[in-house]
Every structure is written in structure tokens, then in C-alpha cells.
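Using only what follows, build the 3D model:
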Amino acid sequence: MNAAASLETRLAAFIGAQEPGAANVVITNVTPVSGGNARRAFAFDAAWDVAGKHTALPCIMLAKAEPGQLETDLETEFRVLRALQDSDVPAPPALWIDTTGDSLGCPTLIMERIAGTSNIKALLAAEPAAANRAIAEDLAAAAGKLHTLAWRGKNLGNLETPSPETVAGEQVVYWENLFLKNRMEPLPAMVAAFHWLKTHAPKAERIVLLHGDFRFGNFLYEGAKITALLDWEMAHLGDPMEDLAWAYRPLWSPARHMTLEDFAARYTQHSGIPAPAANLRFYRLFSEIKHAVISLNAARAFADGKANSLRMSDRMTMLPGLLKNFQDGVRA
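Reported below is the predicted structural model:
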């Protein structure tokens, strides 16, 4: 039995066990798709019958592979997506999860496959300017929908609930601990950056559910409409300005089509949530250091032999640019 046929068999058995009364479970069109550094992704179609009713669903499965840039909790990601299913937040419905990997060979999350494309190069291109601006505007609206979600009382897995007064400092300490754990040399510029962040941490206007990796490249779209926000593995509770600032990191910023000020204004128009300039500035600086830590984690995983992706082997080369962005922002 080849690998695709074996996966079809395991998926059919797994889905049959998850859906009460399911019969005639058929899996077709298993196709590898891009899933990031630490996850193998496959598209497939599933169909089954329950009491004479036929169901057919296009699906995506994300299977945890080797360690990646960050260690994330698949169960929490699943719970967050489940919490969004009855909302107007554009997110793929979470269908099933194999938390242990006993059924599918490794921990695996399965979602409904949503129509749309994800082409960051096209979105960042100068043209079509009007269409790309419209997508940036819809991204601001999507942020507003997410950040106004009534998340209290929902099962969000292991997400901790910070206070508006402490949330920024807690995020800084979380990422500082990852830095201290995974650095391979002293890096005094990073130490100084964390000191600055801890001494300038602002109070949040409110605590909201954050996507955590909110940006161009992490959503599907059709025309000028976002159909699904993807990659919820970094979701957490925090200051809404963290998502907005991350969206405007230089590597993927839509600033060519829409300034951050316009983006924030449209976001406030949709959400009613203010966008304090001081919080936005703090989280833009924080984003550079957060990205630096992610890069260090990737390089450390490769150096320790835990990951084989060549994309992760040279991630430390990004640090000078990220630290320059931070220092330039502090001086501005």
C-alpha cells in the first residue's frame, strides 16, 4: 500500500470514529499542500452517510512534523477555531483533532477547506493597487470582527487571561524567556531591547482574542474579500494593537497600499476599539524583537538536529536587520 492509500485508509477510519453513525466513509484526492516549517499539510475530500443523509466536505489536515520556529499547542488552536465557528470572523471551521497521533501517526488537526488563494507576492506588488488596498481594508475589518468577539466563557484551551495593566509586560517576559532558552551567544543588543520593552510596557485598552500571526500571507482571499484567516497556532489573549502592529512589519507590510494610520482608523471604524499611537508604537518595536526570537528558535532547532529544514538554518542572519529596525524605532 503506497503512502497516499495508507493515509486514505487511516483518515477514513478516524473520521468514521469521530462522526456518530457514519457509514461508507470515503476519502479521495489526497494532495500535499504547503503547511509551514513544522507541519505537513494535505488537502483531501471526505464523504460519508449517516441515517441516509450524505455529507461531503473538502478538508485540510495539518499534521505536526519536526520541531519548528515555535512549539505550539494543537489542542489550543483547535479550541480557538471552534470558538470562532458561530461568529462572523473569517476562519476555517475546525472539524476533528487527533491530539495524540494514535490514529493518524502524529498529532493532527483537520479543518474544512475554504475557497480562496494566498499569494503574498501578488498582494505586496504595486499593481493592482486598488484591489490590493481593498484587501488591506478587508483585513482591517477582519481584525475588528476578531477583536470584538465575546471570548469570555468560551473554551479556549490553555490560553491564559492577562489584565490590561500587565499584558504587555507578560508578553515581553514570555518572549524573553524563549530568547534566554534558545540563544547560542550572549547577544547584548537583544538583552538591551528586552530591558527597554519592559520599562515602556503600556496598558491595554482591553483584552481581546488575538490571531498572533496576523498579516498578509496568512489568509485566503477571493477578489477583494478575505475568505479565511489561516495559521492560528500563535493565537492568545492580549492587546489588540499587537495584531495591528504585527501586520505592519516590513517583511509583509501592506503600507504600499494603505498607511498604518489609515488601517488603524478603518479598524476603529469597524470595531469601535481605539488604536492608541503609543500602544501601536510599542508593539511595532516589540514585533521586531518577537520576530528575532522566532528566528533564533528556528536556528537553534536546526543546530540541535531537531529540524532538518534548510530554511531554518540561516535564520540568525535576520537579526542585524531586525535589531536595526528596533533601534531606529526607539530613536524615532
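
May I ask you to name the longest helix in the chain?
helix 277-303 (DSSP state H).

Could you pull up the mean pLDDT of the helix or strand that that one is followed by?
The element immediately downstream of helix 277-303 (helix or strand, assigned by DSSP states H and E) is helix 310-313. Averaging the model's pLDDT scores along helix 310-313 yields 78.

thinking Val25 is in contact with Gly16, fair?
Yes - the criterion here is C-beta atoms under 8 Å, and Val25 meets it with Gly16 at 4.5 Å. Glycine gets a C-beta too; all of them are placed from N, C-alpha and C.

how about stretch 83-99 as CSV, C-alpha atoms only?
As requested, C-alpha coordinates have been extracted for stretch 83-99 and formatted as CSV (Å, rounded to 0.1, in the frame of the first residue of the first chain):
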residue,chain,number,x,y,z
ALA,A,83,-14.8,29.2,19.4
LEU,A,84,-14.9,31.2,16.1
GLN,A,85,-17.3,28.9,14.3
ASP,A,86,-20.5,30.7,15.2
SER,A,87,-19.0,34.2,14.7
ASP,A,88,-18.5,36.4,11.7
VAL,A,89,-14.7,36.1,12.0
PRO,A,90,-13.5,34.6,8.7
ALA,A,91,-11.8,31.4,9.9
PRO,A,92,-11.9,27.7,8.7
PRO,A,93,-14.2,25.5,10.7
ALA,A,94,-12.3,23.0,12.9
LEU,A,95,-13.7,19.5,12.3
TRP,A,96,-11.6,16.9,14.2
ILE,A,97,-8.4,16.6,16.1
ASP,A,98,-6.1,13.6,16.8
THR,A,99,-4.3,15.0,19.8
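
Show me what the worst-scoring helix or strand of the chain on mean pLDDT is packed against.
Counting by mean pLDDT, DSSP states H and E, the weakest-scoring helix or strand in the chain turns out to be helix 310-313, with a mean of 78. Here helix 310-313 is seen to pack against helix 277-303 when contacts are counted using 3 or more C-beta pairs under 8 Å, 6 or more residues apart in numbering; DSSP states H and E.

who does the helix it packs on touch, helix- and strand-wise?
Contact partners of helix 277-303 among helices and strands, from 3+ C-beta pairs under 8 Å, 6+ apart: helix 167-182, helix 188-199, helix 240-247, helix 310-313, helix 319-331.

quick one, which of Val25 and Gly16 is more surrounded?
It is Val25, of Val25 and Gly16, that has more neighbours when counted by other C-beta atoms under 10 Å, with 20 against 15.

Many thanks, have a good one.
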